[in-house]
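# Provided below for reference: sequence and predicted model.
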Amino acid sequence: MPDAKKKIVVVEDDPLIRVLYEAILASQYELEQTYDGDSGFAAIQRVLPALAIIDISIPKMHGFELCQKLRADGIFTDVKILFVSAKSYKADIKTAKEIGADDYIVKPFEPEDLRSKVRELVGV
């Protein structure tokens, strides 16, 4: 029996970017996509994914707040967190790492850069 696809929860409010994630990642990973911090947290609780891809500027719960909430709960210690954001300031990237993100990609990104980063974080 082949291995099940690793699960990724995407928390992104832009529907076009969600379509892009689907096109880039769905062939190798099982994606669940949400559009705000609250639904993202609920999906991560339910799915317990290998990776959460989170935008910083999302409704209902800021991406940094979502990351802090995940890192404060011991259940999610194995969930890798990748921020993908248009925020390119060094201070934002530094904050992301300080609060527990595993990595950070600045939008716009090249599809292969995303694939490579996801492989690096979760394999396959």
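Right, received. Where do you want to start? Residues are numbered from 1 along each chain as shown.

# and the residue nearest the centre of the protein?
The centroid of the chain falls nearest to Ile53 when counting by CA atoms, centre = their mean (0.8 Å).

# next up, the contacts around that residue.
Shown in contact with Ile53 (CB atoms under 8 Å, 6 or more residues apart in numbering): Ile8, Val9, Val10, Val11, Glu12, Tyr21, Leu82, Phe83, Val84, Val118. The way it works is simple: take the backbone N, C-alpha and C, and place the C-beta from them, glycine included.

# output those in JSON lines, with neighbour count appended to each entry.
Putting the contacts of Ile53 into JSON lines (neighbours: other CB atoms under 10 Å) gives the following:
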{"residue": "Ile8", "neighbour count": "26"}
{"residue": "Val9", "neighbour count": "26"}
{"residue": "Val10", "neighbour count": "25"}
{"residue": "Val11", "neighbour count": "30"}
{"residue": "Glu12", "neighbour count": "24"}
{"residue": "Tyr21", "neighbour count": "20"}
{"residue": "Leu82", "neighbour count": "22"}
{"residue": "Phe83", "neighbour count": "26"}
{"residue": "Val84", "neighbour count": "23"}
{"residue": "Val118", "neighbour count": "25"}
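
# nearest to Gln68 among these?
Proximity of the contacts of Ile53 to Gln68 (CB to CB) peaks at Phe83, which lies at 12.4 Å.

# that's a helix at the closest one, yeah?
No - read with DSSP: H, G, I helix; E, B strand; the rest coil, Phe83 is strand and lies in no helix.

# roughly how far does it sit from Ser27?
Note on Phe83: its distance to Ser27, by CB to CB, to the nearest Å, is 23 Å.

# cool, Asp102 as well?
23 Å.

# neighbour-wise, which of these two wins?
Asp102 (18 against 8; other CB atoms under 10 Å).

# now that one. Nearest residue, chain neighbours left out?
Counting by CB to CB, 6 or more residues apart in numbering, Asp102 lies nearest to Lys80, which is 4.6 Å off, once chain neighbours are set aside.
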